[in-house]
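>>> this one's sequence-less:
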């Protein structure tokens, strides 16, 4: 045809376009949001403790992994005894509440919010936190803490003594922690994200109406 394309060339172009579309549907396309090679997928085990990196601007995220022990394990059996003493107790619900308490306690300690800490900590635990806040204030220092992410929150231990229940959690989180002196200089910490692994123990007397599980102890894992 004059001024047109040969019919066989048009057919070839159509077949080529069809093949490209088929390959995309089978193999997929790379996008700018794809994880670099070697980076773990969300929810997998985090890198080893103690890693430091440039602080990303991402907001705090929810737990990447929560874990309830097998009911047949010793810890699982202890949780069943707690459930027997309090029919409203649910391990998964407990983990959700513990995540909220963890965030509130970390933020309240950094801000020196004694009222919030008093409501969430046992008397003994509160005394330790309050002493640290008082020492910080006396030195003219302030604390800046950013909880960037919680990678793991798992039940490590549980116990029921009479009506008093204890549950210990292993918590792996990414945090930025800075202690700032009165002149604005950094006296401790750094502008970097550090992965921190802690063991926090919560306690509740199941015989009382107050449903609050209070923090009774913390220690590094």
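Alright, I've got the coordinates. The shown structure was predicted, so the numbers you read here are calculated from the model rather than taken from an experiment. Numbers count the residues shown, from 1 in each chain.
>>> where along this protein do the strands fall?
Secondary structure of the chain (DSSP state E): strands located at 52-54, 66-67, 142-161, 164-180, 186-189, 192-205, 214-220.
>>> Distance to residue 96, mean neighbour count and mean pLDDT added to the ones you listed, as CSV?
All C-beta spots, glycine's among them, are computed from the backbone N, C-alpha and C. Formatted as CSV, the strands of the chain follow (distance: least, C-beta to C-beta, whole Å; neighbours: other C-beta atoms under 10 Å; pLDDT from 0 to 100):
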stretch, distance to residue 96, mean neighbour count, mean pLDDT
strand 52-54, 28, 9, 38
strand 66-67, 8, 16, 76
strand 142-161, 9, 18, 96
strand 164-180, 12, 20, 96
strand 186-189, 29, 13, 88
strand 192-205, 13, 18, 96
strand 214-220, 16, 15, 96
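>>> Please produce CSV containing those, extended by distance to residue 91.
Output for the strands of the chain, formatted as CSV (distance: least, C-beta to C-beta, whole Å):
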stretch, distance to residue 91
strand 52-54, 33
strand 66-67, 9
strand 142-161, 7
strand 164-180, 8
strand 186-189, 34
strand 192-205, 12
strand 214-220, 18
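>>> Out of those strands, flag the one nearest residue 76.
Checking the strands of the chain against residue 76 by C-beta to C-beta gives strand 142-161 as the closest, at 8.3 Å.
>>> Packing partners of that closest one?
strand 66-67, helix 74-85, helix 91-111, strand 164-180, strand 192-205 (3 or more C-beta pairs under 8 Å, 6 or more residues apart in numbering; DSSP states H and E).
>>> Let me have those in JSON lines, extended by distance to residue 146.
Below are the helices and strands packed on strand 142-161 laid out as JSON lines (distance: least, C-beta to C-beta, whole Å):
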{"stretch": "strand 66-67", "distance to residue 146": "22"}
{"stretch": "helix 74-85", "distance to residue 146": "32"}
{"stretch": "helix 91-111", "distance to residue 146": "9"}
{"stretch": "strand 164-180", "distance to residue 146": "4"}
{"stretch": "strand 192-205", "distance to residue 146": "8"}
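>>> Compare the ones you listed and give me the one nearest residue 218.
strand 192-205 (5.2 Å).
>>> from the chain's centre, how far out does the closest one sit?
Averaging C-alpha positions (C-alpha atoms, centre = their mean, to the nearest Å) puts strand 192-205 10 Å from its chain's average.
>>> Given it, what are its sheet partners and their directions?
With DSSP bridges as the test, strand 192-205 is paired with strand 52-54 (antiparallel), strand 164-180 (antiparallel), strand 214-220 (antiparallel).
>>> and those strands as a markdown table, adding distance to residue 70?
A markdown table is the format used below for the strands paired with strand 192-205 (distance: least, C-beta to C-beta, whole Å):
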| stretch | distance to residue 70 |
| --- | --- |
| strand 52-54 | 34 |
| strand 164-180 | 16 |
| strand 214-220 | 25 |
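>>> where's residue 129 relative to residue 205, distance?
Look at residue 129 and residue 205: by C-beta to C-beta, to the nearest Å, they are 21 Å apart.
>>> I appreciate the help and will end here.
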